[in-house]
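Engineer: please find the sequence and the predicted model below.
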Amino acid sequence: MAALLLAPLLLLLAASPPLSAAGGAHPGYSSGEGTCTVGAGAGAAPGGPLLERGPGRVIDITHAYVPDLPAFAQGAVAGPVVRLKHSMADGSEYNLSELRMECHTGTHVDAPGHINQGHFAAGLDVDTLDLDLLNGPALLVDVPRNTNITAEAMEFLKIPKGVRRVLFRTLNTDRKLMWKKEGDLSYVGFTEDGAQWLVDNTDIKLVGVDYLSVASFDHLISAHVVFFKKPDIIPVEGLKLDDVPVGVYNLHCLPLRLVGAEGSPVRCILIK
Ligand SMILES: *[C@@H]1O[C@H](CO)[C@@H](O)[C@H](O)[C@H]1NC(C)=O
Ligand SMILES: *[C@@H]1O[C@H](CO)[C@@H](O)[C@H](O)[C@H]1NC(C)=O
């Protein structure tokens, strides 16, 4: 058993370049600023790619996964999300937790198969979502508080062409809806004409919202159908956008590789 384990390890060691390459930097770091490419060879500029930029740059826009997360449907059970399956308090030699939740609980992404059977059958699950789209420059905007995200509201926002990722902060944030366990179907979201306006008039492919659904309840299916007609738009839902100044950020969203699932919890952060 031990020998079997050791063999691949030795192979790995043999294949690794020596750590004492020229300049003292690991050869995995290229000289390109902020980039890290495997096997690039050249040594890193001192203080370059490895420069720490200090605290306060990262804004977490993910809600904590707690049993009190809002339930979307009336009477739906969101939690317990994590429970101890084996507990040292009960005499086990270790603590081991189990995660149990709907894939559309809390901060999450939808995959194209969520409301489009053709995309689901084609295997367009969360594991196929485009990481390049989920990570990149994003614009945070404030939607006027007296409206759902209609065509008129979209027109009013004047989001420039070329912007591919937008986080829409709405009345939902002011109403603290993500902190209301019982759920509230009067949340703000896209209407069908708002979704159609976005598809027809913008380059937006990542649509971030501050409640559980990108579509307002009255347009729950119809607005989703518009967004998922082509499988190139990713809704990111249930974002925590409180107290984040409007502006441009680098967005990073990483869904879990849940093969076959049409939704996944996602950790999203903004970097100033
Ligand atoms: C294991 O879980 C129990 C029950 O929640 C807790 O009291 C204890 O501190 C945990 N032990 C460790 C080592 O985490
Ligand atoms: C948004 O639409 C929902 C129904 O889908 C409605 O209950 C809510 O009042 C609307 N909100 C605003 C601000 O117009």
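Structural biologist: Here it is on my side, so go on. Ligands and ions are numbered 1, 2, ... in the order given.
Engineer: next up, the contacts around the residue of the stretch 1-150 of the chain found nearest ligand 1.
Structural biologist: Across the stretch 1-150 of the chain, the shortest distance to ligand 1 (C-beta to the nearest ligand atom) belongs to residue 95, at 3.6 Å. The way it works is simple: take the backbone N, C-alpha and C, and place the C-beta from them, glycine included. Contact analysis of residue 95 by C-beta atoms under 8 Å, 6 or more residues apart in numbering lists 84, 86-88.
Engineer: wait, residue 163 sits on residue 206?
Structural biologist: No: taking contacts as C-beta atoms under 8 Å, residue 163 lies outside contact range of residue 206: 9.9 Å.
Engineer: these two - which one has more neighbours?
Structural biologist: Counting neighbours by other C-beta atoms under 10 Å for residue 163 and for residue 206 shows that residue 206 has the greater number, 23 against 17.
Engineer: ok, the more buried one to ligand 1 distance?
Structural biologist: Applying C-beta to the nearest ligand atom, to the nearest Å, the value for residue 206 to ligand 1 is 37 Å.
Engineer: give me the pLDDT value at that residue.
Structural biologist: Residue 206 is assigned a pLDDT of 98 by the prediction.
Engineer: and it, what is it in contact with?
Structural biologist: If you count contacts by C-beta under 8 Å, 6+ apart, then residue 206 has 133-134, 138, 164-166, 233-234, 236, 251, 253 around it.
Engineer: where does the stretch 101-250 of the chain have low pLDDT?
Structural biologist: Along the stretch 101-250 of the chain, no part satisfies pLDDT under 70.
Engineer: what are the boundaries of the strands in this protein?
Structural biologist: Taking DSSP state E, the strands of the chain run over residues 58-60, 82-86, 96-99, 108-110, 135-142, 165-169, 206-209, 234-237, 247-255, 263-271.
Engineer: in the sheet, which strands lie alongside the first one, parallel or antiparallel?
Structural biologist: Strands adjacent to strand 58-60 in the sheet, as given by DSSP bridges, are strand 263-271 (antiparallel).
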